[in-house]
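Trainee: Curious how this folds, go ahead:
(2 chains)
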2 protein chains.
Amino acid sequence: MTRNELIHQIKVKRSFLCVGLDTDIQKIPTHLLDYEDPVFEFNRQIIEATADLCVAYKPNIAFYESMGGAGWESLRKTWGILPKDCFSIADAKRGDIGNTSERYAKAFFDQQHSGLGFDAITVAPYMGHDSVQPFLQFQGKWTIILALTSNTGGMDFQAITDAGGVPLFERVIQKANTWGNTANLMYVVGATRGQAFESVRKHAPDHFLLVPGVGAQGGDLQEVCKYGMTADCGLLVNATRSIIYASNGTDFAERARQEAHILQQQMERELVARGVV
Amino acid sequence: MTRNELIHQIKVKRSFLCVGLDTDIQKIPTHLLDYEDPVFEFNRQIIEATADLCVAYKPNIAFYESMGGAGWESLRKTWGILPKDCFSIADAKRGDIGNTSERYAKAFFDQQHSGLGFDAITVAPYMGHDSVQPFLQFQGKWTIILALTSNTGGMDFQAITDAGGVPLFERVIQKANTWGNTANLMYVVGATRGQAFESVRKHAPDHFLLVPGVGAQGGDLQEVCKYGMTADCGLLVNATRSIIYASNGTDFAERARQEAHILQQQMERELVARGVV
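Mentor: I've put the predicted structure just below:
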């Protein structure tokens, strides 16, 4: 999906919601365990219930990988039913030396190779340019680099300042800006980081930001929009647990839809208030 | 495998060689393509040919993951035949928020969960303590944190110095030392980094180091030993392409053994010269 197509979807759906599909077989409603592939059936119903309210889906690969080959198969089937009007993100946080990152790029981008053809992948920057380039070299695909993450450990290294007082996450953005552009590169900035969005926007005024941490992690949507929204919206805000685990009864999909709808309504107000739609 | 068992194996085999199993179906000898699982058959023959010369095996997960569910199955079967006297490392470079890193830990450590029960996993430090703790919490397992990697991009961020002149990779080691100990934590330091081993040893005098970059990447074994070896050896030096792709004919396993033997002989000389054995 191109940048213009993504912006179009945001305007049409009046939403910049990304639904995380971190599907844990121990947390899904027990009546789904009768299905041949409970994880896929859970995802299928969540997607069916939320597709008109969100613009992106983001399975976190750990939840599938922890189930071995069967999990990989659930992921492949899930990718196969993601709606064409939704942006798809493999939340994998990969990164390795060049010839190896190329393999990871193939794993998540190249459908003929692996059965998966996500629009985007999250990438860890620690290993530098040659660990990121193989992802950026895939035509029509997006690389989403970790900048300032939502977890408490995010401060351990990302906030370390250099001799000139610039924190590492800003150095990462400055450097990565030279590797890609606003049509193939995004940054992860946690919703829990509030005013740090100002610093991020100084260095990346036009890049889309993938923003986890709203909902279960406590980030504030209004604050994210105040400091992070651009004329093109420029945000994909992710919620996972507050949506997909809103209920663990037979009404889980309906309750997921209700939670997604509440967020979409909040997002619509922000889009209108800031003149994006 | 415990630290004492690993040191024992190094002394018995007079080797600190780790063989990388980055098995690429496009690079393996074509006669193997007749097997039902060519990747597994390649690994099986490489392991059989090198098991008495090395103390560790390290499949890089990207090569398996890029083949989807079938790749995962090849990995599972490969893990299943790794000799009990060899340390096993999942080179995965994972790292995510706490509840997600816990899933990755289960994926690679918990055999009942995923079919895999590696001794160790490589982890990226960018997301900080709560992204690493779930790996360290697994009893009897090892976490190997990226400190100073062998690739050229390794300098992009790992070498950035703080206001006090301390580079990021040293900050990572200082901080991670407080999370684990010498019996459950190692660091990755690239063989191409030569004298940087001195700085690493200042902060981690007793930790084992996993050292990639000898062979195809040009690192120098003697230099690594000069600056990095401890009284317990303290090194696992990895070679991949120079061993497993020494030949792409029917003699590939025999040639892999020859290359592994050359390295083992060099390692034995270093161990003797520095009084470890």
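
Trainee: Next, the contact list for residue A:154, please.
Mentor: Listed by CB atoms under 8 Å, 6 or more residues apart in numbering or on different chains, the contact set of residue A:154 reads A:148, A:190, A:193, B:127-128. Yep, even glycine has a C-beta here, placed from its N, CA and C like the rest.

Trainee: out of those residues, who has the most neighbours?
Mentor: residue B:127 (29 neighbours; other CB atoms under 10 Å in any protein chain shown).

Trainee: Would you confirm that that residue contacts residue A:152?
Mentor: No. Look at residue B:127 against residue A:152 with CB atoms under 8 Å: they stay out of range, at 9.9 Å.

Trainee: which residues are in contact with both of those two?
Mentor: Common contacts of residue B:127 and residue A:152 (CB under 8 Å, 6+ apart): none found.

Trainee: one step back: and the contacts of residue A:154, which is closest to residue A:36?
Mentor: Comparing these against residue A:36 with CB to CB picks out residue B:127 as the nearest, at 35.1 Å.

Trainee: what about that closest one, distance to chain A?
Mentor: Distance, residue B:127 to chain A, using CB to the nearest CB, to the nearest Å: 5 Å.

Trainee: That residue falls within a strand, correct?
Mentor: No. Assigned with DSSP: H, G, I helix; E, B strand; the rest coil, residue B:127 falls outside any strand and is coil.

Trainee: Can you report phi and psi for it?
Mentor: The phi/psi pair for residue B:127 (degrees, to the nearest 10) reads phi -90, psi 0.

Trainee: same thing with the one 3 residues further on?
Mentor: Reported as degrees, to the nearest 10, the phi and psi values for residue B:130 are phi -70, psi -10.

Trainee: tally of neighbours for residue A:249?
Mentor: For residue A:249, the neighbour count with other CB under 10 Å is 11.

Trainee: and it, helix, strand or coil?
Mentor: The three-state assignment at residue A:249 reads coil, by three-state DSSP.

Trainee: Can you tell me the element the residue nearest to residue A:204 when sequence neighbours are not counted falls in?
Mentor: Take residue A:204 and drop its neighbours on the chain: the residue closest to it by CB to CB, 6 or more residues apart in numbering or on different chains is residue A:173, 5.4 Å away. Take DSSP states H and E as the rule and residue A:173 turns out to sit in helix A:168-177.

Trainee: ditto for residue A:89
Mentor: Element membership for residue A:89, per DSSP H and E: strand A:87-94.

Trainee: List the buried residues in the helix or strand of chain A with the lowest mean pLDDT.
Mentor: Using mean pLDDT, DSSP states H and E, the weakest-scoring helix or strand in chain A turns out to be helix A:111-114, at a mean of 88. Of all the residues in helix A:111-114, those buried under the rule 16 or more other CB atoms under 10 Å in any protein chain shown are A:113-114.

Trainee: Please enumerate the strands of the stretch 51-200 of chain A.
Mentor: Assigned by DSSP state E, counting those that start in this stretch, the stretch 51-200 of chain A shows strands spanning A:56-58, A:87-94, A:120-123, A:142-148, A:185-189.

Trainee: Redo the ones you listed as JSON lines? Include distance to chain B.
Mentor: Shown next, in JSON lines, are the strands of the stretch 51-200 of chain A (distance: least, CB to the nearest CB, whole Å):
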{"stretch": "strand A:56-58", "distance to chain B": "12"}
{"stretch": "strand A:87-94", "distance to chain B": "5"}
{"stretch": "strand A:120-123", "distance to chain B": "9"}
{"stretch": "strand A:142-148", "distance to chain B": "6"}
{"stretch": "strand A:185-189", "distance to chain B": "10"}
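
Trainee: Looking at the stretch 1-150 of chain A, what residue ends up closest to chain B?
Mentor: Among all residues of the stretch 1-150 of chain A, residue A:128 sits closest to chain B, at 2.5 Å; criterion: CB to the nearest CB.

Trainee: Name the nearest residue to that residue, sequence neighbours excluded.
Mentor: Closest residue in space to residue A:128, ignoring its immediate chain neighbours: residue B:153 at 2.5 Å, by CB to CB, 6+ apart.

Trainee: can you list the residues of the stretch 101-250 of chain A near chain B?
Mentor: Listed as neighbours of chain B in the stretch 101-250 of chain A under the rule CB under 8 Å from any CB of the partner chain: A:101, A:103-104, A:106-107, A:113-116, A:124-132, A:146, A:149-158, A:160-163, A:165, A:168, A:171-172, A:175.

Trainee: Just the buried residues of these.
Mentor: So, by 16+ other CB under 10 Å, the buried ones in these are A:101, A:103-104, A:106-107, A:113-116, A:124-132, A:146, A:149-158, A:160, A:168, A:171-172, A:175.

Trainee: Identify the residues contacting the residue nearest to residue A:204.
Mentor: By CB under 8 Å, 6+ apart, the contact set of residue A:173 is A:145, A:147, A:187, A:200, A:203-204.

Trainee: quick one: it from residue A:165, how far?
Mentor: Here the distance between residue A:173 and residue A:165 works out to 15 Å (CB to CB, to the nearest Å).

Trainee: and what of residue A:252?
Mentor: Distance of residue A:252 to residue A:165, computed by CB to CB: 48 Å.

Trainee: OK, contacts around the spatially closest residue to residue A:68 that is not a sequence neighbour?
Mentor: Distance criterion CB to CB, 6+ apart; nearest residue to residue A:68, sequence neighbours excluded, is residue B:114 at 4.3 Å. Contact analysis of residue B:114 by CB under 8 Å, 6+ apart lists A:65-68, A:71, B:76, B:106-108.

Trainee: farthest-separated two in these?
Mentor: Longest span within the contacts of residue B:114, CB to CB: B:76 and B:106, 14.2 Å.

Trainee: got a pLDDT number for residue A:88?
Mentor: At residue A:88, the predicted lDDT confidence score is 98.

Trainee: Tell me how many other residues surround it.
Mentor: For residue A:88, the neighbour count with other CB under 10 Å is 24.

Trainee: residues touching it, list them.
Mentor: When contacts are counted by CB under 8 Å, 6+ apart, residue A:88 is found next to A:56-58, A:79, A:82, A:118-120.

Trainee: go on, residue A:3?
Mentor: A:182-183, A:208.

Trainee: of those residues, buried ones?
Mentor: Among the contacts of residue A:3, those buried by neighbour count (16+ other CB under 10 Å) are residue A:208.

Trainee: ends of stretch A:223-235, how far apart?
Mentor: End-to-end distance of stretch A:223-235: 12 Å, with CA to CA, to the nearest Å as the criterion.

Trainee: Sounds good, over and out.
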